[in-house]
Structure formats: C-alpha cells, structure tokens
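[1] can't give you the sequence, but here's the structure:
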C-alpha cells in the first residue's frame, strides 16, 4: 500500500534573517517568546533554542542563525563533494514531495 506522507513540520521554510530578528526582539524584551513566535510564524521551540544561544554568547554579533542540517552537511562532505551532495538532496526532496526542481 502506498502512503502519501504529509509534512508535519515547517522546518527549513523560515529564513535565518527572520529567526535572527525574532530572537533579537525577545532578547531585547520588545516581545515575549510566545508573541515573537506567533508574529514571525516560528515554532516556539526553535525560537527558544536561538534565544538561549544568543543569551549565552559573549559576542552576540557572532551567533550563527543557520539551520543545523546545513552545518551537518559541511561536516560530512568534503568541499569537492559538497555541491553534488546538495544537488542530490534537492533531487531526493523533489522526488519525495513530487515538486518541480
């Protein structure tokens, strides 16, 4: 039996700039965590992780707001294979979700 998988999360649909703006608004106490999560349409758990990361940092300007899976990709693949790995992951994603590349 073939099953149609429905994506339950919205991972990788929020840009790093939006996450950074939301985290900085929480740290500066302009908004609460819940308000920022609703306003920027980010899951609270994701926003909480980046707010904690920003608060713990001694240099707030150097905090990275890239998703974790991008860093994992860089650790697994050497530079020469990186581009082919990205192309492969996009192809698999397009096949899985049946979207155009």
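    Happy to help now that I have it. Note that the coordinates shown come from a computational prediction; the quantities given were computed from them, not determined experimentally.

[2] Do you have the helices of the chain handy? List them.
    For the chain, the helices defined by DSSP state H occupy 16-27, 33-40, 44-56, 68-76, 79-97.

[3] Low-confidence bits of this structure, can you list those?
    1, 7-13, 66-83, 96, 98-101 (pLDDT under 70).

[4] rerun at 50
    For the chain, applying pLDDT under 50 flags no range at all.

[5] mind listing what's buried in stretch 33-52?
    Buried positions in stretch 33-52, judged by neighbour count with 16 or more other CB atoms under 10 Å: 36, 37, 40, 42, 46, 47, 50, 51. C-beta coordinates here come from the backbone N, C-alpha and C atoms, glycine included.

[6] Look up how far residue 37 lies from residue 65.
    15 Å (CB to CB, to the nearest Å).

[7] same deal with residue 58?
    Counting by CB to CB - residue 58 and residue 37 are separated by 26 Å.
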